[in-house]
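[1] quick one: sequence and predicted model below, then my questions.
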Amino acid sequence: MDTSEQPKTSSSAAPTPATLSAETVAASATRTSGEEAISAASVSAAGAAYPLSPQHRISNPTKEAWILHSLKNRRTEFLSSKQINVFIGTWNVNGKSVANSNELSEWLGFVPKDDSQVGYDKLPELVILGFQELDARAEAFVYNNAVKDNEWTDAIEQGMGNARYSYSKLASKQLIGMFIMVYSRIDVLEHVSGVQATSVGCGIMGMVGNKGAVAVRMVYMDTPMCFVCSHLAHDAAQVDRRNAQFHDLCRRLSFGLQDDDGASSPAASTAASADPLLPRGSVVGSGQATAGRPLTVFDHSYLLWFGDLNYRLAIDTGDMNDFIQRGEYASLLGLDQLRIAMMNKQAFEGFDEADIAFAPTYKYILGTHDYDPKRRPAWCDRILWWTRPGCEDGVRSLEYTAVNSLVTSDHKPVRSQLSVDVWKVDAERRQSVYIDVLRILDRYENECIPTATLESTVVELGDVSFGRMVRRQMRLSNAGQVPLEYSFIATPSRESYAPAWLRITPDCGMLLPGQDILLEFAVLVDKDTSAALSVGLEELSDILVLHLTRGRDYFIQVQGRYVPSVFGMSLDYLVHCKKSVREMSREDFDQCLLSGQFSVPKCIWSMIDFLSQYGVDRGYSLFYWPGDRALAKKVREWLDLDVPLDPDNILQWHTDSETHVARTVVEEQSPRLRALAAQQQQQRQPDHGHHAGTGADSSHMSLIDQTLVSSTLNTGFNSMNLYSDNAAAAGNPGTINGVSGFAPSTAEALEHLSLGNIGESSLVNDSGTNSNSDSDIDTASIGQTLLPGNSRSITGGNSSLLSTSEGLAGSPLPEAIGNIALSAPHDTGVDTVANSLVELLQSLPEPLIPSDLYPACIEAGGLSRAATLEALEVLPPGNLNVLVYLLAFLREAIERGATSAQRVAQVFSRVLLRPPAYDQGPRDYEHAESFLQFLLRSHGSI
């Protein structure tokens, strides 16, 4: 056994249970983290299924101490004890021949001087003798035979005189020079069982038996006992090695396996518990022998350890002999290495030894009573004992002395007589008392278990929409008599205590008896959590675990219905949706991926189409104003239901803004747009399934002009040929025709977006300097849909121009641009649709320009337009189509004076370029804006 697990004696055991009450123990036990109270059911089961299984052990030290204390107070109900005398003798015979009977009789001490008979009551019940250096022959190290066993057995029995007829030899074990013999008085043989012997060498190379130990165990009545005779490393300087050998022997000395019923093989009679107060397999005590592993020396009530331990005096004072002659041993014992090791817990921790009142036993000149002047005297030969907690004071010393008259060895033999408490246990009665003690503790523990009450175990969320927080509350009350510590904990299927779309406030805390608290459950589905919810792969429901420390767990069900929306849905699904996402089931979403796709999602086309008609000829104000929250909700509803945007409703939306200009559909159309529409009407074909203007000469028209004319004259979305029938027919929905004018490569597609001569002045701010302002625009705030708990601070921007709560926050603009934007007439409806477009792009779980391209795009933003186009060469075809379509509109808006390239770069660089989730560093807004401005430039412009 590892010495770190060694049980402690009463002198070193921390808890003293004498002053503990059951209430105190129960309260202390419940304060132990992770400790579960023993329920009445488990106690009843323990009584019915004796013995208790090891997994039900109680490991709380305070609780163990109280149970042992309670059993000790009631031990008279099941325990009968008596005292026996145990004789222990140890002698290093220095390899000499067998001693004569007279010398052995003098060592044994209890043998009468004459051959007279001795009554049993005068003789010790057990006699244990240990020898060292019994066999010093060289061949003994090789063959390890026990030729000396019989010789010394005969000699010892001769030395007992007539007392030998009162004893029976129980066991003996020899390991080269170490030898142990155990005798029992004949009249008590019926009380002895489970005798086993073992040996371990730890000498040369840590294995040879010139040093090591021999051991014997037994059970006397119901008291397991172990006897170890050891010989440790010699030489005064080898104290560390001796300490290490002790720990090695503790770990390696073992006996037969412990059976499931507590018995040890092969002797089933060793079933007695090491602690008389506890049943076998008791739930108390981590030191109990565990079924299925060998018994160690510490799996006994008593461990008696003796032999030539070879501990010396730490230093030579030069006047040791003077102290010895005067019998002043106390001063020298202060230098004893063994006592120093015990005091420093380096070896023999928890062992006891009787007071030493005899001279050092080593090293004598053979045949004399004189010490060898070449060696400092030392008490090498010792007898110690260890008792299991609960068996304290079970061993008392009656005699501890050395026999100085014997001179045949350089060691003096040592003997000790000990009075040892042994017991007989009524197992059934002990089990009954033990169960009763557990019931008492259980009753007090139940009173100390925290108890809570909840208003409900179900949190109904109702309908939850993208980006709109839903809050619910639930009251938690402390209904118990002790403080309640609660926390929501993770489950095996999830590392966090709640899904990503849910936040609980507070998620942990403490309530005193009678107190309560409102728990708030806040649900917010954003771009990080919407992807799976939008298409039905996941549901807006979960089971939370509310854990009470030292108490039970409560299960709370959170359930709601996520309202599908184009906001928060991935682009892959958006380009395939042919009808309202509200009407689509999970199977519909799965099926739509197998069909053909639009070049541009209908929701994005609807908003760009609206802004192209009503937002680009209204002055310098596009993407500067926030719009109206109520109207934004209606716009979302129309997009989710696949309903065309209603211009009359949107453009005539009532607002208190003084600069609001309400414009009708006819008034909004610019002369240029009306001219383009008229031209397209002349060339219009009746087949809506083909691209609008197929038969027209549109080579002189820009892409955005073609799109605007087509969308003005055709009410159906398919009139733009955004859906590729050819791709679907070919069985390759990933092949996208795109809008007319899209070229196969990214660079060509972007270059073909010629909206006329966008001069250099359109790509720089009005002050004539390049726009590299490192502003922080949080585009989620554009539509004012950010809710508490999901918002990010928005820094930068000119507060005199627009605040974060009023409109599109951004970097400070030159005063001229700011004045133009503020003074230009703006329409709340148009502003609302513009903000909805930005919000939709930001809500994409994966941005239009995938996050893994972010580093390359940022790097390209600091280089050139050519580098920008090269960075997008790997852009997926579907993303490319949407990007080209969006850029065509933004270029048109810039050309027609609805906004500035700087403002577009500030806003859309935040939504189109997003770093990967693992990139937690600061965002490079300057290069992001430069990147977008490069994309906005037409071929040949600076």
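    Sure, I can see it.

[2] buried stuff in stretch 354-368?
    354, 356, 358-364 (16 or more other Cβ atoms under 10 Å). For the C-beta atoms, the positions are set from N, CA and C on the backbone; glycine is no exception.

[3] could I get these as JSON lines with secondary structure, distance to Val523 and pLDDT?
    Below are these laid out as JSON lines (DSSP: H, G, I helix; E, B strand; the rest coil; distance: Cβ to Cβ, whole Å; pLDDT from 0 to 100):
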{"residue": "Ala354", "secondary structure": "coil", "distance to Val523": "74", "pLDDT": "97"}
{"residue": "Ile356", "secondary structure": "coil", "distance to Val523": "77", "pLDDT": "96"}
{"residue": "Phe358", "secondary structure": "coil", "distance to Val523": "83", "pLDDT": "96"}
{"residue": "Ala359", "secondary structure": "coil", "distance to Val523": "85", "pLDDT": "95"}
{"residue": "Pro360", "secondary structure": "coil", "distance to Val523": "82", "pLDDT": "96"}
{"residue": "Thr361", "secondary structure": "coil", "distance to Val523": "82", "pLDDT": "96"}
{"residue": "Tyr362", "secondary structure": "strand", "distance to Val523": "82", "pLDDT": "95"}
{"residue": "Lys363", "secondary structure": "coil", "distance to Val523": "85", "pLDDT": "93"}
{"residue": "Tyr364", "secondary structure": "strand", "distance to Val523": "89", "pLDDT": "95"}
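
[4] in a markdown table, list the residues you listed along with distance to Tyr311.
    What follows is the buried residues of stretch 354-368, written out as a markdown table (distance: Cβ to Cβ, whole Å):
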| residue | distance to Tyr311 |
| --- | --- |
| Ala354 | 16 |
| Ile356 | 12 |
| Phe358 | 16 |
| Ala359 | 16 |
| Pro360 | 11 |
| Thr361 | 11 |
| Tyr362 | 10 |
| Lys363 | 13 |
| Tyr364 | 17 |
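
[5] of all the residues you listed, which comes closest to Phe466?
    Phe466 lies nearest to Ala354 out of the buried residues of stretch 354-368, by Cβ to Cβ, at 83.1 Å.

[6] with respect to Ser565, which of the buried residues of stretch 354-368 is nearest?
    Ala354 (86.6 Å).

[7] which ones are touching that closest one?
    Counting by Cβ atoms under 8 Å, 6 or more residues apart in numbering, Ala354 makes contact with 383, 397, 400, 416.

[8] pLDDT score for the second one?
    According to the prediction, Ser397 has pLDDT 96.

[9] please apply the same query to Gln417.
    For Gln417, pLDDT reads 97.

[10] before we move on, the earlier item: next, format the contacts of Ala354 as CSV and append secondary structure, neighbour count and distance to Ala197.
    Converted to CSV, the contacts of Ala354 look like this (DSSP: H, G, I helix; E, B strand; the rest coil; neighbours: other Cβ atoms under 10 Å; distance: Cβ to Cβ, whole Å):
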residue, secondary structure, neighbour count, distance to Ala197
Ile383, strand, 22, 19
Ser397, strand, 15, 26
Tyr400, strand, 19, 25
Ser416, strand, 24, 21
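
[11] pLDDT weak spots in this protein?
    Residues of the chain that meet the criterion pLDDT under 70 lie in 1-59, 136-147, 206-207, 257-276, 279-292, 654-826, 938-942.

[12] the longest strand in it is where?
    strand 79-92 (DSSP state E).

[13] how about that one: buried residues?
    Here strand 79-92 shows 79, 81, 84-92 as buried, counting by 16+ other Cβ under 10 Å.

[14] contacts for the helix or strand hosting Ile556, please.
    Using DSSP states H and E, Ile556 sits within strand 553-562. Outside strand 553-562, the residues that touch it by Cβ under 8 Å, 6+ apart are 452, 454, 457-465, 470, 474, 489, 502, 521, 523, 525, 533-534, 539-548.

[15] tell me which other helices or strands the longest strand of the chain touches.
    Judged by 3 or more Cβ pairs under 8 Å, 6 or more residues apart in numbering; DSSP states H and E, strand 79-92 is in contact with helix 101-108, strand 126-132, strand 223-231, strand 302-308, strand 381-387, strand 414-425.
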